[in-house]
Every structure is written in structure tokens, then in C-alpha cells.
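Trainee: pasting a predicted model and its sequence here:
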Amino acid sequence: MPHAFIVRITLALVLLLTQGSLIQTALAADPAAWPTKQVALVVPYPPGAITDTVGRRLGNQLGIALGIPVVIENKAGAGANLGAAYVSNAQPNGATILFTSYGNIMIDSVTEAQHKLTPVAAVGPMTVVMLVRPDLPYKTIEEMVSYARAHPQKISFASVGIGSSYHLLIEQMNTLGKLDMVHIPYKGGAASMADFLGGRVDVMLATWLFAKPYVTDNRARAVALVNGERSPTLPDLPTVNERAVPGVKLIDGLGVFAPKGLPEALVVRLNKEINRIIQEPEMKAWLTNEAIPPTPMTTAAFDKMLVDEAKPLDKLIRENKIGMK
């Protein structure tokens, strides 16, 4: 074998071994280097829901940041608990994470007595409006509550599923307002909106991003916000708490979660990238315009918020023996 050929082969082997050594060194130096070839971002709602819409934008940017594909997987059902359970049972290796409304995670932590998922990053709170059909006799939140009080079980109220944050909002109104509205659970916002527009349900909740086109063309009337305070996006729309039923408040927003046991370095990496993405000018402007103000925070701060806000929900569920499944 020619000497020159042997030299070339030897040099090639040395280069290959050197590159492998450099890769191993880089991985050791950067424990947050992503260990999987792609990430499934599970959205526990059907396509077209607010969580799906935001999730696809976030997933695209997160894929760019991680340098691997981030694929949306819609796993709707059971008030978003189906998708959450799927992720909580997944291997904590970075291949599967959850993008959902954190109101449902708070409720799940109450009913299961502990978080079954690791809070990773908050995206922002959702502005949620109460919608009534324009053909109904009540035009304001005060009129609606008065009608409900005078006519028990005459108002049908849609939610996105038993055990969802919307379900608990209805239970709050019934309990604190001494009302008897009928809860009608659906498999997501699109299904409830279809029956709402078809005249088969009277009242529903929706994020402003989802509700806006229906309110704009007068197919739905927004009578109140169910958040704790008024929104800068809708400054003239009162809250249920201030005008009709004191104490009613929906705490909900969008966030990312991972299976328990995901290595801390990967949790920190995700938190850092998501906080950066939601503060980028284009993404921040889009979220703000859709009434989802970006709220970057550490994983510890996100976890504390969930724990603190779950306490009144725990009290409501226990004292009123509300079935959540």
C-alpha cells in the first residue's frame, strides 16, 4: 500500500477521532444540549383553539432555538386532562413537552394533591370574555345574573370540559352568586362555539383571540371579563367580580410543562429560550394584540404562582363537593 495513502487514511482517522472528542467535550460542557432529534409539543386542545394557535407560533420559534424540529401534537379531550396525562406519563428525556392553559394544571394539582408535571415557563395570562347570544333578553352581565337568579336552570352555560378552568368558573358563579345555571361540557372551544352559534347553548366563555371575530360581526355579545381585573385591550368591558358576582375570578394563561424528572439543565434551557421568544418584538406585539400579555418568569416563580392560585380553587372544590371527572 502506498505510503501516501496510508498517511491520508491515518490523518482522516485522527481527524474523525478528534471531532468525536470535541463533540463529547461540548456536550459535557453544555448539559443543556438537546438530547433528542425532535420535540413533540403536545397541545391538549383541537386545532384552531387559542392554545393551538399560540402553540404553533411558539413551537416554530422554539425549534429554531433548539436547532431541531418541534412538532405539534393535538391530544384533545377531558377538559385538556387527556393531553396533560399523556405528557406526565412520557419519558423525561426532552422528547415530549406540554403547551396548555395553566388553569387546568392548577386544578389538576388540587385534585391530585400534587403537581404531576414540571412547570417550565409561563407565556402569559389569557383575557377571557363571557359571551351571550344576541337574541337572548339579557344584554349586560347584571341582567344575565338577575335572569339566572329568577329562572333556575334556564341558562345553559358551555365549558371546554369537566374539570377545566371554565367549568370551575361556572361553579364559582353558581356558588358565590347563589345561581343554578346548567353546565354543558364540550370537547374544546370550537365545539362549544358551534352549538352557541346554533342556538343550542346560551352562554359560553372564550379567550378574546377566539371570540373577537364573532363579537365583531354581532354573532355574539361580550358582557363581561372573567379575569380578576379589566384588560387594557378591552378597557370598557367590566368584570363579573365588579358588576355582578363578587369574588368570581378566572386565573388562567398559557404555559409550558414537562414530565417530572426532566433534567434541570433542560428545564433551564427551555425556560431561557421561551422567555426570550415571548419578548422578541414581533412575538411580543402579536401576543399583546391578542390580549395575552407576555409574562416571562423563572421556573420557581411560575411554580409558586400555580401553587398560590390553586388554594382558593381547592377550597371551592372541597366545600362544594364539585365533581371534577
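Mentor: Looks like it arrived, so ask away.
Trainee: which residues in the stretch 51-200 of the chain form strands?
Mentor: In the stretch 51-200 of the chain, strands defined by DSSP state E, counting those that start in this stretch lie at 70-74, 96-101, 117-125, 128-132, 156-159, 182-185, listed in chain order.
Trainee: got TSV for these, with distance to residue 296 and mean neighbour count too?
Mentor: All C-beta atoms are positioned from the backbone trio N, CA, C, and that covers glycine. TSV is the format used below for those (distance: least, Cβ to Cβ, whole Å; neighbours: other Cβ atoms under 10 Å):
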stretch	distance to residue 296	mean neighbour count
strand 70-74	19	16
strand 96-101	16	26
strand 117-125	7	24
strand 128-132	21	25
strand 156-159	29	23
strand 182-185	33	17
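Trainee: would a markdown table of those with mean pLDDT and distance to residue 198 be doable?
Mentor: Listed next are the strands of the stretch 51-200 of the chain as a markdown table, based on pLDDT from 0 to 100; distance: least, Cβ to Cβ, whole Å:
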| stretch | mean pLDDT | distance to residue 198 |
| --- | --- | --- |
| strand 70-74 | 95 | 24 |
| strand 96-101 | 94 | 25 |
| strand 117-125 | 94 | 30 |
| strand 128-132 | 97 | 14 |
| strand 156-159 | 95 | 12 |
| strand 182-185 | 95 | 13 |
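Trainee: nearest to residue 239, out of those?
Mentor: strand 128-132 (9.6 Å; Cβ to Cβ).
Trainee: output the contacting helices and strands for that closest one.
Mentor: strand 203-207, helix 208-216, strand 221-225 (3 or more Cβ pairs under 8 Å, 6 or more residues apart in numbering; DSSP states H and E).
Trainee: domains of this structure?
Mentor: Using automatic domain parsing, the domain parsing of the chain gives 39-125+253-320, 128-243.
Trainee: does residue 286 touch residue 54 like I think?
Mentor: No: applying Cβ atoms under 8 Å, one finds residue 286 not in contact with residue 54, separated by 9.0 Å.
Trainee: who has more neighbours, those two?
Mentor: residue 54 (24 against 15; other Cβ atoms under 10 Å).
Trainee: need the contact list for the more buried one.
Mentor: Residues in contact with residue 54 (Cβ atoms under 8 Å, 6 or more residues apart in numbering) are 99, 123, 254, 287, 290, 292.
Trainee: any idea how far residue 98 is from it?
Mentor: For residue 54, the distance to residue 98 (Cβ to Cβ, to the nearest Å) stands at 13 Å.
Trainee: quick check: buried residues in stretch 161-173?
Mentor: Going by neighbour count (16 or more other Cβ atoms under 10 Å), the buried part of stretch 161-173 is 161-173.
Trainee: sorry, slip of the keys, the one I care about is stretch 132-139.
Mentor: For stretch 132-139, by 16+ other Cβ under 10 Å, it's 132, 133, 138.
Trainee: now swap in stretch 290-308 and tell me
Mentor: Neighbour counts using 16+ other Cβ under 10 Å place 290-297, 299, 302-303, 305-306 of stretch 290-308 among the buried residues.
Trainee: hang on, the earlier thing: can you put the contacts of residue 54 in TSV and add distance to residue 235?
Mentor: Below are these laid out as TSV (distance: Cβ to Cβ, whole Å):
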residue	distance to residue 235
99	29
123	23
254	22
287	18
290	16
292	17
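Trainee: and those, which two are the farthest apart?
Mentor: Across those, no pair lies farther apart than 99 and 290, at 15.4 Å, counting by Cβ to Cβ.
Trainee: figure out the helix or strand that the closest residue to residue 127 other than its chain neighbours lives in.
Mentor: Distance criterion Cβ to Cβ, 6 or more residues apart in numbering; nearest residue to residue 127, sequence neighbours excluded, is residue 291 at 3.5 Å. Residue 291 belongs to no helix or strand when assigned by DSSP states H and E.
Trainee: poorly predicted segments of the stretch 201-325 of the chain, please.
Mentor: Low-confidence segments of the stretch 201-325 of the chain (pLDDT under 70): 323-325.
Trainee: tell me where it has helices.
Mentor: 208-216, 240-243, 264-279, 281-289, 299-320 (DSSP state H, counting those that start in this stretch).
Trainee: among the ones you listed, which comes closest to residue 145?
Mentor: Residue 145 sits nearest to helix 240-243 of all the helices of the stretch 201-325 of the chain, at 8.2 Å, using Cβ to Cβ.
Trainee: and that closest one, what's buried?
Mentor: Neighbour count says helix 240-243 has 240, 241 buried, by 16+ other Cβ under 10 Å.
Trainee: okay, it in PDB with CA atoms only?
Mentor: C-alpha atoms of helix 240-243 as PDB (Å, rounded to 0.1, in the frame of the first residue of the first chain):
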ATOM      1  CA  VAL A 240     -68.000  39.700  36.600                       C
ATOM      2  CA  ASN A 241     -66.400  40.400  40.000                       C
ATOM      3  CA  GLU A 242     -67.000  44.200  39.900                       C
ATOM      4  CA  ARG A 243     -70.500  44.200  38.500                       C
END
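Trainee: measure residue 149 to residue 155 for me?
Mentor: Counting by Cβ to Cβ, the gap from residue 149 to residue 155 is 10 Å.
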